[in-house]
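**Q** Predicted model, plus sequence, below.
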Amino acid sequence: MLELREAQTDQLSNEVRYPPAPWRSIGQLWSGIFQSDTPAELPAGLHPLLSSRWRVVTLVRYQIGTLRYDELIVGPLARRGAHVGVFVDFIWVDSETSLHGGREIWGVPKEMASFMWEDNTVYIADTQGPILSMTMHKGASRLPPVWLTVPGIGRLNQYWTYTTPKMWACLDRAGIEINDWSSRFACQIRPRPLIGMAAKPFRVTVPAPTLLR
């Protein structure tokens, strides 16, 4: 059965278009580090962490909490001084509320997309066409939760933003494979990750970012 989660019409007041940080959620995610055919082109002020040909692709389903939406993140591992994390190069969501909050709180360039789920495959597309399709292992983890954080780097006006989500996650194998990868990306990646992991489920608190000059 096909499931298409369209952009939600979150009911917020006219004065507040999105909830303030922190955002708290329970959901599932799948993530992998993929080998690409070209090095990442990072903005001035950021440097690649480990290999510049690695790209992190992360699919998230926020199912309970501050907002409910799906999200796809694509970006290289980077550092600014002692701060290391995923530089959010591309990010799509299916919630306009999340889009505005992501741009204005964390400085990440969220765009709208549709996420269509069919069994263990998701098809993601926007008004320009398909972005990617991905298969994954969807069964729940049987392991106890562990604490971890996955820092992210964004850009808000003249500042870099550095966000360190606080997460309890039941880790499991990701079983992810990219079936289709849009030609709009400057690089092409191998379909299977070098390293992959899933959190099924996770509980996360995403605080307001630290601003780095």
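**A** Great, that's in hand.

**Q** partner residues bridging Tyr162?
**A** Ile153, Thr210 (DSSP bridges).

**Q** which residues touch the strand or helix carrying Ile73?
**A** In this assignment (DSSP states H and E), Ile73 forms part of strand 69-75. Residues outside strand 69-75 that contact it (Cβ atoms under 8 Å, 6 or more residues apart in numbering) are 5, 8, 55-62, 86-95, 97-98, 113, 115, 122, 124, 131-132, 152, 185. C-beta here means a position set from N, CA and C on the backbone, and glycine is covered the same way.

**Q** now these: which count as buried?
**A** 5, 55-62, 86-95, 97-98, 113, 115, 122, 124, 131-132, 152, 185 (16 or more other Cβ atoms under 10 Å).

**Q** Restricted to helices, list these.
**A** Assigned to helices by DSSP state H, the following of the buried ones among the contacts of strand 69-75 qualify: Thr97, Ser98.

**Q** Among the buried ones among the contacts of strand 69-75, which ones are in strands?
**A** 5, 55-62, 86-87, 90-93, 115, 122, 124, 131-132, 152 (DSSP state E).

**Q** Tell me what the residue nearest in space to the middle of the chain is bridged to.
**A** Per Cα atoms, centre = their mean, the C-alpha nearest to the average position across the chain is that of Ile73, at 3.2 Å. Beta-bridge partners for Ile73, by DSSP bridges, are Thr58, Ile91.

**Q** That'll do, ta.
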